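> Below is the sequence, then the predicted model.
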Amino acid sequence: MLLVSRNPDLTREVENTLAGHFMVTTCFSLEQVRGRLGETEDPCSGILVDISGELSWEQCLTDLKRGRAPILAILQDAGERQAAFLAGADDYLLQPLLFEELITRLNHASRVQRLKSGRDDNNGLCRQFHFSWV
């Protein structure tokens, strides 16, 4: 899990909460994010972006969207939802964070990612469903 935040309190809370569920790598700048993305093709299972900080979050989300990992934006205001989705976020959470919801949404995003890649929890191929609206 990649956490992008300049907020030390939020960073500490997220790292402590996710410790038993996900390995968390934190980036504090856009340069660190770009370096992390350059390390591997698929650097992490999911990405949390705190858009309340001083980061240029629109550019950050655009850069992060180049990978296949799901992106969860951490918002201070519900009015930021549309901008976050347009910039590339797959989902969002509002602050203050409810950490049970954070873990649930991250697990859901990981499950969706596995399904999109054609893999299930048992390392077998899962059925791919195609929906069409009539």
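Structure received.
> Asp91 contacts Ala109, correct?
Yes: checked against CB atoms under 8 Å, the pair Asp91 and Ala109 is within contact range at 6.4 Å. Just so you know, the C-beta spots here come from the backbone N, C-alpha and C atoms, and that holds for glycine as well.
> Mutual contacts of these two, please.
70, 72 (CB atoms under 8 Å, 6 or more residues apart in numbering).
> Could you pull out the buried residues of stretch 3-19?
By neighbour count on 16 or more other CB atoms under 10 Å, the buried set for stretch 3-19 is 3-5, 7, 10-11, 14-15, 17-18.
> now stretch 96-111
By 16+ other CB under 10 Å, the buried positions in stretch 96-111 come out as 97, 102, 105-106, 109-110.
> Kindly report the same for stretch 72-82.
Using 16+ other CB under 10 Å as the test for burial, stretch 72-82 gives 72-75, 80.
> what does it rub up against?
Stretch 72-82 is contacted by residues 5, 10, 46-52, 57, 61, 84, 89-95, 97, 105-106, 109 when judged by CB under 8 Å, 6+ apart.
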